[in-house]
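Visitor: Fold the stuff below for me.
(one chain, ligands or ions: 1)
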Amino acid sequence: MHHTPGFGRLLTALGRPCRSTAGVHIARRTFVTHNCFASPSKWRGSRYLHHGQERAKNPTTSGVVGRLDLRYGYSAIILLSVPVFFWLGTGNGSAFQTLQAEAPPDQDDEGDAQLRKRIRLDEVKEHGPDSERPWVVRGQSVYDITEWVAGHPGGEVILRAAGGSVEPYWKIFAIHQKQEVYDILEQYRIGCVDERDLVDGQVPADSIINPFVDDPGRDEKLLVHSATPCNAETPGEELGGFITPNRLFYVRNHMWVPSVEEEQYRLTIELDDGEEKTYTLMDLREKFPSVTITSTMQCSGNRRKHMTEQCGSTNGVQWNVGAIGNATWTGVRLRDVLVDAGFPIDAPPADAKHAQFTGLEAYGASVPLAKAIEAHGDVLLAYEMNGSCIPRDHGFPLRVIVPGHVAARSVKWVQRITISDEESLSQWQRRDYKSFGPNEGAKPNWSRARAIQEMPITSAITCITGAPPVPQPKAEMNASSGEEKKNNSDVVLVEGYAYSGGGREIVRVDISTDDGKTWDQAELVPAENHGSKLWCWKQWRYQIPAAEFGGCILAVKATDEAYNTQPETYASIYNVRGNLATAWHRVRV
Ligand code: HEM
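Guide: So this is what the prediction gives:
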């Protein structure tokens, strides 16, 4: 059986020489970047026992061992559903101001001369991702994490912090902000930052690396909910075209945007028996037929704002109607690549149940194997979006496209695909992208709920043009003429989209001008589509005589080929995550 040591994977992806990591066994069950533990319960408990140096004399370490026997399980991961938002609003740089330093350890208690060693920040920098012994700083303490890297549940992404502070990363991955994690790190402490490098007793901001420093520029028209990580939606008036232009396509990033050169990029496929095969981008382009599909991508939180406004508070980015877009995607079929890697798609082993995807920045998700290998499932490894190289924000150089499913499974910057008997263990699979009964409240049972895969039906009003102006008070009359503003148009044009997951075609869009008392049908706009099924949205439009417009509530709902339709209100589908906010879209005009 061939295994690629997890330790070296980031380096491989970045084209750096790989180091071998003795003793790393990659089991068929895998973690985010599938390190060496055989089951979630194992890695969430006693596996955190000290890996490396004997620190028996260190009382902190003995404490760790006892505490780490606690099985804190998935409930802890909820912390990661809020992770990034502690970072939000820090685009102003506040996150990079001097960090609150922790007091150095009590040296009398320590009784260990080595731990009192003062280390210059320049020396820490030398222990970066390429070093044989990566070091990190937290507070004023310095840690040699060499022995921990191979066992880190988040995989080799940990090396991003090597040579500097872990704190910017722990603000993003808030799951680290708990005693169990501090205790693990404490096992690897080798000294303290030299006082000469401290400013006001703290590590200065300029020695802390901003993980978002390489993020690409973005179109000013995007409506930014958070800058770091970037969460930005397409304004409604830009959603009118069947194809959403790349520069205006909504951006939903969980972390920073990875930087990788096409020539250095590698994709590794790991089969259920542990066999691995690695591909360059050129291999993929040359070995397999190129396929183009048209597919809508939609965040599970699209229209969450409406659920919040109409029903109650929800956790997550408060998207309006623009966390959705439609594009053509060109790439190769995942099933073709799996066959080439040796996977028997015509007779898959019984325990090969999921295809797990891992991104270069550590994001992870999975889809059922049946979808990944279905002849008409159109799951692609895409290198083009709307005929150009995929932009960095959307997954350059390679993005998994799982048409008909929630966009969270279409993993960007994919670097590893693993066939496994279980779903991805990431919190994005096991927690964030789930929905609950309206009665389940703020602390739902995450493990009981199913991960969102195929998307339900939805529709939205995105643009209203030619609407007569709302009557203005005298003071707001046209200043130059002194006359009231007039509407020149005879009709008001209402436009929007409708979309259903699973390749189910939209067959009807109903629109009401009296909040659902009476209905009419909107016109569906024809468009050219590629793919085995209707993976894309339909645009619709509806004209209302200007004289009849105003002082009413517009409502829209769609129906798909299976006669699925949308609920009237949010009361019946409310969930604290605000996922799948698909009730009729109402707009007061
Ligand atoms: C250097 C000291 C670090 C330690 C001791 C550490 C420890 C841990 C632990 C214990 C977990 C599992 C937490 C749980 O499930 O409750 C975890 C998960 C994770 N960590 Fe770290 N970590 C470190 C640094 C980093 C850094 C620097 C990054 C990012 C650059 C990172 C990214 C992640 C990710 C992505 C996960 C998994 C999230 C998931 O898939 O659910 N970690 N880490």
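
Visitor: Low-confidence bits of the stretch 101-250 of the chain, can you list those?
Guide: Applying pLDDT under 70 to the stretch 101-250 of the chain picks out residues 101-113.

Visitor: again, only this time at 50
Guide: 101-107 (pLDDT under 50).

Visitor: And the strands in it, which stretches?
Guide: Taking DSSP state E, counting those that start in this stretch, the strands of the stretch 101-250 of the chain run over residues 118-119, 135-138, 141-144, 164-165, 189-193, 223-226, 231-233.

Visitor: how about JSON lines for the ones you listed, with distance to the ligand and mean neighbour count added?
Guide: Any C-beta I mention is one placed from the backbone N, CA and C, and that applies to glycine too. Formatted as JSON lines, the strands of the stretch 101-250 of the chain follow (distance: least, CB to the nearest ligand atom, whole Å; neighbours: other CB atoms under 10 Å):
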{"stretch": "strand 118-119", "distance to the ligand": "16", "mean neighbour count": "16"}
{"stretch": "strand 135-138", "distance to the ligand": "5", "mean neighbour count": "24"}
{"stretch": "strand 141-144", "distance to the ligand": "7", "mean neighbour count": "22"}
{"stretch": "strand 164-165", "distance to the ligand": "9", "mean neighbour count": "21"}
{"stretch": "strand 189-193", "distance to the ligand": "11", "mean neighbour count": "21"}
{"stretch": "strand 223-226", "distance to the ligand": "18", "mean neighbour count": "16"}
{"stretch": "strand 231-233", "distance to the ligand": "18", "mean neighbour count": "26"}
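
Visitor: Output those in a markdown table, with distance to Asp510 appended to each entry.
Guide: Listed next are those as a markdown table, based on distance: least, CB to CB, whole Å:
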| stretch | distance to Asp510 |
| --- | --- |
| strand 118-119 | 68 |
| strand 135-138 | 57 |
| strand 141-144 | 60 |
| strand 164-165 | 55 |
| strand 189-193 | 64 |
| strand 223-226 | 28 |
| strand 231-233 | 25 |
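
Visitor: Return the residues of the stretch 51-200 of the chain in contact with the ligand.
Guide: 76-77, 80, 136, 145, 148, 152-154, 157-158, 160-161, 166, 169, 173, 175-176, 181, 184-185 (CB under 6 Å from any ligand atom).

Visitor: Buried only: go through those residues for me.
Guide: Buried members of these, counted by 16 or more other CB atoms under 10 Å: 76-77, 80, 136, 145, 148, 152-154, 157-158, 160-161, 166, 169, 173, 175-176, 181, 184-185.

Visitor: Among these, which ones are in helices?
Guide: Secondary structure from DSSP state H places Trp148, Tyr169, Val181, Ile184, Leu185 of those in helices.

Visitor: If the residue lying closest to the last one once chain neighbours are set aside is in a bridge, with which residues?
Guide: When the adjacent residues along the chain are set aside, Leu185 lies closest to Tyr143, with 5.7 Å between them (CB to CB, 6 or more residues apart in numbering). Beta bridges link Tyr143 to Val136, Arg189 when assigned by DSSP bridges.

Visitor: Spell out which residues of the stretch 351-500 of the chain are next to the ligand.
Guide: Residues of the stretch 351-500 of the chain lying close to the ligand by CB under 6 Å from any ligand atom are Ala362, Gly364, Ser426, Gln427.

Visitor: can you tell me which residues contact the second one?
Guide: Contact criterion CB atoms under 8 Å, 6 or more residues apart in numbering gives Val32, Thr33, Gln356, Phe357, Thr358, Val411, Ser424, Leu425, Ser426, Trp428, Gln429 as the residues in contact with Gly364.

Visitor: Just to be sure, which of those residues are found in strands?
Guide: Among these, the ones falling in strands (DSSP state E) are Gln356, Phe357, Thr358.

Visitor: Export these as TSV, with columns for neighbour count and pLDDT.
Guide: Putting the ones in strands among the contacts of Gly364 into TSV (neighbours: other CB atoms under 10 Å; pLDDT from 0 to 100) gives the following:
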residue	neighbour count	pLDDT
Gln356	29	98
Phe357	29	98
Thr358	29	97
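
Visitor: ok, the spatially most central residue of the chain - contacts?
Guide: For the chain, His254 is the residue whose C-alpha lies nearest the centre (CA atoms, centre = their mean; 4.2 Å). His254 is in contact with Val84, Pro229, Glu361, Tyr363, Trp428, counting by CB under 8 Å, 6+ apart.

Visitor: residue in the chain nearest to the ligand?
Guide: Closest contact between the chain and the ligand, by CB to the nearest ligand atom, is at Gly154 (2.3 Å).

Visitor: list the buried ones in stretch 420-429?
Guide: So stretch 420-429, judged by 16+ other CB under 10 Å, has buried residues Ser420, Glu422, Glu423, Ser424, Leu425, Ser426, Gln427, Trp428, Gln429.

Visitor: Where does confidence bottom out across those?
Guide: For the buried residues of stretch 420-429, the weakest pLDDT value sits at Gln427, with 90.

Visitor: So that one is in contact with Phe173, correct?
Guide: No - the criterion here is CB atoms under 8 Å, and Gln427 misses it with Phe173 at 9.3 Å.

Visitor: Arg508 is in contact with Thr559, correct?
Guide: Yes - at 4.4 Å, Thr559 and Arg508 qualify as touching, with contact defined as CB under 8 Å.

Visitor: Break the protein into its domains for me.
Guide: 6-207, 223-261+280-432, 458-588 (automatic domain parsing).

Visitor: In PDB, could you pull the C-alpha coordinates for stretch 252-270?
Guide: Only the C-alpha atoms of stretch 252-270 are listed here, as PDB (Å, rounded to 0.1, in the frame of the first residue of the first chain):
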ATOM      1  CA  ARG A 252     -17.900  32.500  -0.100                       C
ATOM      2  CA  ASN A 253     -14.500  31.800   1.400                       C
ATOM      3  CA  HIS A 254     -14.000  30.200   4.800                       C
ATOM      4  CA  MET A 255     -10.400  31.200   5.000                       C
ATOM      5  CA  TRP A 256      -7.700  32.900   3.000                       C
ATOM      6  CA  VAL A 257      -7.300  32.300  -0.800                       C
ATOM      7  CA  PRO A 258      -4.500  29.800  -1.400                       C
ATOM      8  CA  SER A 259      -1.700  30.800  -3.700                       C
ATOM      9  CA  VAL A 260      -0.300  28.100  -6.000                       C
ATOM     10  CA  GLU A 261       1.400  28.000  -9.300                       C
ATOM     11  CA  GLU A 262      -0.200  25.800 -12.000                       C
ATOM     12  CA  GLU A 263       3.000  23.900 -12.600                       C
ATOM     13  CA  GLN A 264       3.500  23.100  -9.000                       C
ATOM     14  CA  TYR A 265      -0.100  22.100  -8.300                       C
ATOM     15  CA  ARG A 266      -0.800  18.400  -7.600                       C
ATOM     16  CA  LEU A 267      -4.100  16.500  -7.100                       C
ATOM     17  CA  THR A 268      -3.900  13.300  -5.100                       C
ATOM     18  CA  ILE A 269      -6.500  10.600  -5.400                       C
ATOM     19  CA  GLU A 270      -6.600   8.100  -2.500                       C
END
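
Visitor: tell me the mean pLDDT for that stretch?
Guide: 96.

Visitor: repeat for stretch 494-513
Guide: Per-residue pLDDT over stretch 494-513 has a mean of 98.

Visitor: Can you give me the buried ones in it?
Guide: For stretch 494-513, burial by neighbour count (16+ other CB under 10 Å) applies to 494-504, 506-513.

Visitor: cool, and stretch 566-575?
Guide: In stretch 566-575, counting by 16+ other CB under 10 Å, buried: Gln566, Tyr570, Ile573, Tyr574, Asn575.

Visitor: got it, and stretch 308-327?
Guide: Across stretch 308-327, burial judged by 16+ other CB under 10 Å covers 308, 311-312, 314-327.

Visitor: likewise stretch 425-444?
Guide: Residues of stretch 425-444 classed as buried: 425-436, 444 (neighbour count, 16+ other CB under 10 Å).
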